[in-house]
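*Asks:* Predicted model and sequence below, questions to follow.
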Amino acid sequence: MDDYNTYGYEIRNPGVTERLWFSKNKNTAGMATEDGKIILNPYSKLKEEQMQSVVKNEAGRLLLREKNIVPEFELTPDQKQSFVGTPYGLDEMALKHSILGRIISDDSSAGDVTQEQKEWGDWLNKELEIR
């Protein structure tokens, strides 16, 4: 874990309940926690390079949350549809933060990204680099 660029955010070990949750949600590689840290799924089969992308995604989400950023872009219908039935499907702000995190970490699950979303992603990348 020490080799990851964390953009100033601490990676901590998941607690007991978080480990239990991760054991049941092996497709979730990591998360930005309520205490402003990043935790990684100890059951994940991702390679180191992929885990660095997860760290960048979660750092971006933490920065957006920390600065109370309200992204001013529209989600595409396909992006909204992709997250129906998930917690993101019920919280547009969280979904926008998640989409931006996915954009900056080159995660294809962001879907077809609009030019405006790309510009927000560029902004977020710059903010992380100067943090």
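*Replies:* Happy to help now that I have it.

*Asks:* May I have the residues that are in contact with the closest residue to residue 125 other than its chain neighbours?
*Replies:* Nearest residue to residue 125, sequence neighbours excluded (C-beta to C-beta, 6 or more residues apart in numbering): residue 104, at 5.3 Å. For glycine as for every other residue, the C-beta is placed from the backbone atoms N, C-alpha and C. Listed by C-beta atoms under 8 Å, 6 or more residues apart in numbering, the contact partners of residue 104 are 56-57, 60, 121, 124-125, 128.

*Asks:* which residues of this structure score low on pLDDT?
*Replies:* By pLDDT under 70, the weakly predicted segments of the chain are 1-3.

*Asks:* in it, which spans are helices?
*Replies:* Ranges of helices in the chain, per DSSP state H, are 16-24, 48-66, 77-82, 92-104, 115-130.

*Asks:* re earlier: roughly how far apart are the residue nearest to residue 125 and residue 118?
*Replies:* To residue 118, residue 104 is 10 Å away according to C-beta to C-beta, to the nearest Å.

*Asks:* what's the answer for residue 112, then?
*Replies:* Distance from residue 112 to residue 118, counting by C-beta to C-beta: 11 Å.

*Asks:* Next: residue 90.
*Replies:* From residue 90 over to residue 118 (counting by C-beta to C-beta), the distance is 26 Å.

*Asks:* Of residue 112 and residue 118, which one has the most company?
*Replies:* The residue with more neighbours, out of residue 112 and residue 118, is residue 118; 13 against 9, by other C-beta atoms under 10 Å.

*Asks:* ok, now which residue in the chain is the farthest from the centroid?
*Replies:* residue 16 (21.7 Å; C-alpha atoms, centre = their mean).

*Asks:* tell me the contacts of residue 121?
*Replies:* Counted by C-beta under 8 Å, 6+ apart, residue 121 has contacts 100, 103-104, 113.

*Asks:* And for residue 126?
*Replies:* Counting by C-beta under 8 Å, 6+ apart, residue 126 makes contact with nothing.

*Asks:* From residue 26, how far out is it?
*Replies:* For residue 126 relative to residue 26 (C-beta to C-beta), the value is 33 Å.

*Asks:* Highest neighbour count among the contacts of residue 121?
*Replies:* Among the contacts of residue 121, the one with the most neighbours (other C-beta under 10 Å) is residue 100, at 26 neighbours.
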